[in-house]
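Q: Based on what follows, work out the 3D shape:
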Amino acid sequence: MIDEVYNIPEAFPDFDLKIYNRYGSLVYEGNIDTEEFRGGSNVSLSLGDDLPTGTYFYVFTPNFENNLPIQGSFYLSR
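A: Below you'll find the model as predicted:
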């Protein structure tokens, strides 16, 4: 399974993940203590809502040695 190969919390226990919608609004913020992203929002503006289909942008900060943040995008399909 992919979880065995790419276990982010195990590899980067101090990570920070932020996901934004196409308007730049934060829709998810996570770290080792939060539930993993499954297409729902966990911030106060839309807490608990399933996010609509569309393009989202992320910033993954490993907080490990000298690793720089990783930015990218993904398409969420419902």
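
Q: from here on, contacts and neighbour counts on C-alpha atoms
A: Fine.

Q: worst-scoring helix or strand of the protein, pLDDT-wise?
A: helix 2-5 (a mean of 54; mean pLDDT, DSSP states H and E).

Q: Render the CA-only coordinates of stretch 59-69 in PDB, please.
A: Output of stretch 59-69 as PDB, limited to C-alpha atoms (Å, rounded to 0.1, in the frame of the first residue of the first chain):
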ATOM      1  CA  VAL A  59       2.100  24.300   1.000                       C
ATOM      2  CA  PHE A  60       3.800  21.400   2.800                       C
ATOM      3  CA  THR A  61       6.500  22.400   5.300                       C
ATOM      4  CA  PRO A  62       8.500  19.400   6.500                       C
ATOM      5  CA  ASN A  63      10.200  21.400   9.400                       C
ATOM      6  CA  PHE A  64      13.100  18.900   9.100                       C
ATOM      7  CA  GLU A  65      16.700  20.000   8.900                       C
ATOM      8  CA  ASN A  66      17.100  22.400   6.000                       C
ATOM      9  CA  ASN A  67      14.200  21.300   3.900                       C
ATOM     10  CA  LEU A  68      12.300  24.100   2.200                       C
ATOM     11  CA  PRO A  69       8.500  24.200   1.900                       C
END
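
Q: okay, now residue 18: neighbour count?
A: 16 (other C-alpha atoms under 10 Å).

Q: Could you pull up the residues touching the nearest residue to it once chain neighbours are set aside?
A: Spatially, and ignoring its direct neighbours in sequence, residue 18 is nearest to residue 29 (4.6 Å; C-alpha to C-alpha, 6 or more residues apart in numbering). Taking C-alpha atoms under 8 Å, 6 or more residues apart in numbering, we find residue 29 in contact with 16-19, 42-43.
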